[in-house]
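K.L.:
Structure of the sequence below:
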Amino acid sequence: MRLAHSLITTAVAAFASASSAIAVPAQPNALTSGEQAVGWRLLFDGQTLAGWRAFKSEAPPAGWQAIDGELVRTEKSGDLVSVAEFGDFELTLQWKNVDGGNSGIMYRVGLGEPRTIHTGPEFQILDAALIPVLVGKGMKLGPQHTTGAIADVVPPIADVARPNGVWNDTRIVVRAWRVEHWLNGTKIVDVDLDSPSGRERIAGSKFGVMPKFATLARGRIALQDHDGRVSFRAIKIRELAPVVAPGDTPQRK
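P.N.:
Numbering: from 1, shown residues only. Purely as a prediction, here's the structure:
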């Protein structure tokens, strides 16, 4: 009986292993028919940098590469910017950081200013262990610089970032200048940057001296080249119909 039980157990385990081996893996850099039907589009095909450019030139920076289905910052060469512009939108993607890594996702970026940060707010991506190191070097960092913050402007309400080397799920929703940051299923930022309190936050940040920051009605998505290797995949976006309620502040142009 014991031998028979052992043989059955082994056979079940082998079947489970085989079933797992032939299972079709998820395709992060592809759209389902349902996603296509509601207007989603891919910003990264998993194989090339088609649809991306440098901030100051039309060719993608050499330090960004498509590697094994990931969009990877491998060396310093400047921010990577989408060719397409977007107004109101919902953006979802996955990213993973490395020890000491520092990057970000910027949105509604314009090409007419000296740098991407002069127009586009940033979803901060920063190894938490790096903060005390930078503070020790004299930098003034606080909660508004932790992962998921609108960098230097609005801190996240919770720390839900996964460990370095593990994929994180990010969702960014922008309607007019009402901004939501989501991280790993939790909404961590919800703010109207064009409200009096939002403008006050901006004025109290380093962006207060940048007159076009968070003012464009349309702009590009940018992946920040800062420090360390960072990887992105499953970059999907859909434009949203503008919602204008009575009493809303009109979008800035």
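K.L.:
Could you use CA atoms for every contact and neighbour count after this?
P.N.:
Noted.
K.L.:
Quick one: residues contacting I105.
P.N.:
I105 makes contact with E122, F123, Q124, I125, I221, A222, L223, Q224, according to Cα atoms under 8 Å, 6 or more residues apart in numbering.
K.L.:
Please give the element, helix or strand, for it.
P.N.:
strand 102-109 (DSSP states H and E).
K.L.:
following that strand, which helix or strand shows up next?
P.N.:
With secondary structure assigned by DSSP H and E, strand 102-109 is succeeded by strand 122-126.
K.L.:
Tell me how many other residues surround E90.
P.N.:
Applying other Cα atoms under 10 Å, we find 18 residues neighbouring E90.
K.L.:
Now it: which helix or strand?
P.N.:
strand 89-96.
K.L.:
ok, and what's touching that strand?
P.N.:
In contact with strand 89-96 (Cα under 8 Å, 6+ apart) are residues 164-175, 230-240.
K.L.:
same thing with stretch 150-168?
P.N.:
For stretch 150-168, contacts defined as Cα under 8 Å, 6+ apart pick out 94-99, 121-124, 127, 143-149, 183-184, 186, 188-189, 201-202, 204-206.
K.L.:
Okay, buried residues for that stretch please.
P.N.:
For stretch 150-168, a neighbour-count test (16 or more other Cα atoms under 10 Å) marks 150-156, 158-161, 164, 167-168 as buried.
K.L.:
count of residues packed around V230?
P.N.:
28.
K.L.:
My error: substitute R201 in the last question.
P.N.:
16.
K.L.:
show me what contacts it?
P.N.:
So R201 contacts V153, V154 (Cα under 8 Å, 6+ apart).
K.L.:
Tell me, what's the model's pLDDT at it?
P.N.:
R201 is assigned a predicted lDDT (pLDDT) of 98.
K.L.:
Wasn't it part of a helix?
P.N.:
Yes - if the criterion is DSSP: H, G, I helix; E, B strand; the rest coil, then R201 is within a helix.
K.L.:
what about it, distance to K212?
P.N.:
Here R201 is placed at a distance of 15 Å from K212 (Cα to Cα, to the nearest Å).
K.L.:
where does the chain dip in pLDDT?
P.N.:
1-25, 244-253 (pLDDT under 70).
K.L.:
biggest strand in it, by residue count?
P.N.:
Criterion DSSP state E: the longest strand present in the chain is strand 230-239.
K.L.:
Show me the contact partners of it.
P.N.:
28-30, 39-44, 46, 69-74, 86-98, 101, 103.
K.L.:
Tabulate the buried residues of stretch 150-168 in TSV, adding columns for secondary structure.
P.N.:
Below are those laid out as TSV (three-state DSSP):
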residue	secondary structure
I150	strand
A151	coil
D152	coil
V153	coil
V154	strand
P155	coil
P156	coil
A158	coil
D159	coil
V160	coil
A161	coil
N164	coil
W167	coil
N168	strand
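K.L.:
got the residues you listed as a markdown table, with distance to L111 columns?
P.N.:
Formatted as a markdown table, these follow (distance: Cα to Cα, whole Å):
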| residue | distance to L111 |
| --- | --- |
| I150 | 20 |
| A151 | 20 |
| D152 | 21 |
| V153 | 22 |
| V154 | 24 |
| P155 | 27 |
| P156 | 28 |
| A158 | 33 |
| D159 | 32 |
| V160 | 32 |
| A161 | 30 |
| N164 | 32 |
| W167 | 30 |
| N168 | 28 |
